[in-house]
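Trainee: Structure of the sequence below:
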Amino acid sequence: MNVLVVGNGGREHAIAWKLLQSPNVEKIVCTPGNGGTALLENCQNLPIAVDDFAGIAQACRDHHIDFVAVGPEVPLSLGLADFLNEQNIPVFGPQKDGAIIEASKAWAKELMIEAGVPTAASGTFTDPQAAKDYIESQGAPIVVKADSLAAGKGVIVAETLEEALNAVDRLWAEGYKTLVVEEFLVGQEVSVLALTDGKTIRPLLPSQDHKQIGEGDTGENTGGMGVYAPTPIATPEIMAQVQTDVLEATLKTLQKRGIDYRGILYAGLMVSPSGVVKVLEFNCRFGDPETQAILPLLETPLDELMLACINQTLATLPPLKWYAGSAVCVVAASAGYPGTYEKGKVITGLQEAEALGATVFHAGTKLEGDTLLTDGGRVLGIVCRGENFDRAIANVYQAVPQVQFPGMYYRRDIGHRLKKA
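Mentor: Below you'll find the model as predicted:
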């Protein structure tokens, strides 16, 4: 079969790479794709933007596409799945009425309360002074969030009242006219990505992302600087609780609201030192960079899982199969990220990293002739597996220095919280 993958990040490279491992998949088309997907055998990039719905639909007809896998949240929140479904093009990813679970944090909070899903206490504000008054009444540390999509950078964890009040001003000035202010939760973050066909929901391996730019979890939030899977923080007992109290409770409430949600439901969790689980946020798609660590461990063909979600046959599938061991992804970023950064830097050393057993997923790259250039903030995700976490970490930090481009930055402490545990 032929599959079209929408997006141009490391997540989409990993999805295309995984789909091509299936004996059922003949060809992948990426819109628009990146330098990595351009180099994949049996994969073709088309210069079609993720919000060019008519262009994507036409590409499906031109290339005899059997189904579409949507990577990023923006086209889902704009209604790409609705548009394709209307044209009888099968699509993995929720329609607009489901994607709002990520597109509006306030909407997601209301849903969680209705579903009885454990989450942080919060307030939603359309007036900056009201948000500030609430912050003054609650004290710090406290978390200030943009309600709408912000590419992973609309969350400010304020250690002091001054920081929190400044966060309100900053997000308001950036054009976010609805803000969610919530209690600061203590613990370790865990990402649980789950497959759902709207009736059944099955989690993938739990992972742990590292959102902040600086080592020791310092500095600004990013889209994610590295991840490992599976994370032992999500014990079998915790995963059983997440299945019942988070995933199934949320799906049931979506059904109650008449929302037919098919695709990935991604729960961002905080697990307290005593094992109490609360939901920080929901996302409507595969996580980035979580996908780059999870999919290398997946043995079940990805196309079979996606089609089961599209066709509502997930309950009939056998249990998911996973390779033993761990996987770690370290993100190589451009100098200056998550602020301003330069593009067009020459990238070298990928073959040397791959010779050491790494899989290199491209995020912000482009191919000009035979030259690979940087083309974004997060440039590459270097992934290694190992029979255990320590081995995977050792493998990845042997491979990462082989890759080079001017100003390349990466965190050298991915997985540090697990080492301390």
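Trainee: What ranges does the stretch 301-421 of the chain have for its strands?
Mentor: Secondary structure of the stretch 301-421 of the chain (DSSP state E, counting those that start in this stretch): strands located at 326-333, 359-362, 365-368, 371-374, 378-386.
Trainee: right, and those strands - which one's nearest V181?
Mentor: strand 378-386 (27.9 Å; Cβ to Cβ). No exception for glycine: its C-beta is placed from N, CA and C like everyone else's.
Trainee: Could you dump the strands of the stretch 301-421 of the chain into JSON lines with mean pLDDT added?
Mentor: Output for the strands of the stretch 301-421 of the chain, formatted as JSON lines (pLDDT from 0 to 100):
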{"stretch": "strand 326-333", "mean pLDDT": "98"}
{"stretch": "strand 359-362", "mean pLDDT": "98"}
{"stretch": "strand 365-368", "mean pLDDT": "96"}
{"stretch": "strand 371-374", "mean pLDDT": "97"}
{"stretch": "strand 378-386", "mean pLDDT": "98"}
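Trainee: So which of those is nearest Q58?
Mentor: For those, proximity to Q58 was assessed by Cβ to Cβ; strand 365-368 is nearest, at 23.2 Å.
Trainee: tell me which residues of the closest one are tucked away?
Mentor: Neighbour counts using 16 or more other Cβ atoms under 10 Å place T365, K366, L367 of strand 365-368 among the buried residues.
Trainee: and the last one, how far is that from G35?
Mentor: Spelled out, that is L367. Applying Cβ to Cβ, to the nearest Å, the value for L367 to G35 is 4 Å.
Trainee: joint contacts of the two?
Mentor: Common contact partners of L367 and G35 (Cβ atoms under 8 Å, 6 or more residues apart in numbering): L373.
Trainee: OK, contacts around R412?
Mentor: Taking Cβ under 8 Å, 6+ apart, we find R412 in contact with E215, Y397.
Trainee: Now do the strands in the stretch 101-250 of the chain.
Mentor: 122-125, 142-146, 155-158, 179-183, 188-196, 201-203, 208-209, 212-214, 218-221, 226-229.
Trainee: any weak-confidence spans in the stretch 101-250 of the chain?
Mentor: For the stretch 101-250 of the chain, the stretches with pLDDT under 70 are 151-153.
Trainee: if we can go back for a sec, right, so of the strands of the stretch 101-250 of the chain, which gets closest to E387?
Mentor: E387 lies closest to strand 226-229 among the strands of the stretch 101-250 of the chain, at 13.9 Å (Cβ to Cβ).
Trainee: what angle sits between the longest helix anywhere in the chain and strand 179-183?
Mentor: In the chain, ranked by residue count with DSSP state H as the criterion, the top helix is helix 161-173. Using axes from the mean of the first three to the mean of the last three Cα atoms, to 10 degrees, the direction of helix 161-173 lies 160 degrees away from that of strand 179-183.
Trainee: list the buried ones in helix 161-173?
Mentor: By neighbour count on 16+ other Cβ under 10 Å, the buried set for helix 161-173 is L161, E163, A164, L165, A167, V168, L171, W172.
Trainee: could I get these as TSV with distance to A106?
Mentor: Shown next, in TSV, are the buried residues of helix 161-173 (distance: Cβ to Cβ, whole Å):
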residue	distance to A106
L161	23
E163	22
A164	18
L165	20
A167	17
V168	15
L171	13
W172	15
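Trainee: can you tell me which two in the residues you listed are farthest apart?
Mentor: Spatial extent of the buried residues of helix 161-173 (Cβ to Cβ) is set by the pair L161 and W172 at 16.8 Å.
Trainee: quick revisit: so which of the strands of the stretch 101-250 of the chain gets nearest R417?
Mentor: Closest to R417 of the strands of the stretch 101-250 of the chain, according to Cβ to Cβ: strand 188-196, at 5.9 Å.
Trainee: and the closest one, C-alpha only, in CSV?
Mentor: Below are the C-alpha coordinates for strand 188-196, written out as CSV (Å, rounded to 0.1, in the frame of the first residue of the first chain):
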residue,chain,number,x,y,z
GLN,A,188,8.3,13.5,37.3
GLU,A,189,6.7,14.0,33.9
VAL,A,190,5.7,10.9,31.9
SER,A,191,4.3,10.9,28.3
VAL,A,192,1.7,8.2,27.5
LEU,A,193,0.7,8.0,23.9
ALA,A,194,-2.3,5.9,23.2
LEU,A,195,-3.9,4.5,20.1
THR,A,196,-7.6,4.8,19.8
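Trainee: and the residue positioned nearest the centre of the chain, what does it touch?
Mentor: By Cα atoms, centre = their mean, the chain has its centre lying nearest to G287, at 1.4 Å. Applying Cβ under 8 Å, 6+ apart to G287 gives the contacts R11, S191, L193, S207, D209, G224, V227, Y266.
Trainee: Hmm, G10 is touching P289, no?
Mentor: Yes. The pair G10 / P289 is scored as a contact, 6.0 Å apart, by Cβ atoms under 8 Å.
Trainee: Between these two, which contacts overlap?
Mentor: In contact with both G10 and P289: V331, R378, G381, using Cβ under 8 Å, 6+ apart.
Trainee: Buried ones among these?
Mentor: In the shared contacts of G10 and P289, burial by neighbour count holds for V331, R378, G381, counting by 16+ other Cβ under 10 Å.
Trainee: can you give me the helices for the stretch 251-400 of the chain?
Mentor: Secondary structure of the stretch 251-400 of the chain (DSSP state H, counting those that start in this stretch): helices at 290-294, 302-310, 350-355, 389-399.
Trainee: who does the longest one touch, helix- and strand-wise?
Mentor: Based on contacts counted as 3 or more Cβ pairs under 8 Å, 6 or more residues apart in numbering; DSSP states H and E, the elements that helix 389-399 packs against are strand 226-229, strand 326-333, strand 378-386.
Trainee: V25 - that's part of a strand, no?
Mentor: No. According to DSSP: H, G, I helix; E, B strand; the rest coil, V25 belongs to no strand; its state is coil.
Trainee: Columns distance to V403 on top of the buried residues of strand 365-368, output as CSV?
Mentor: What follows is the buried residues of strand 365-368, written out as CSV (distance: Cβ to Cβ, whole Å):
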residue, distance to V403
T365, 11
K366, 16
L367, 16
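Trainee: and which of those is nearest M408?
Mentor: Taking Cβ to Cβ as the measure, T365 is the one of the buried residues of strand 365-368 closest to M408, at 12.3 Å.
Trainee: tell me the domain ranges of this structure?
Mentor: Structural domains assigned to the chain are 2-95, 121-183, 188-316, 326-420, following automatic domain parsing.
Trainee: Let's have these in TSV, adding distance to K109.
Mentor: As requested, the domains of the chain are exported to TSV (distance: least, Cβ to Cβ, whole Å):
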stretch	distance to K109
domain 2-95	17
domain 121-183	6
domain 188-316	9
domain 326-420	25
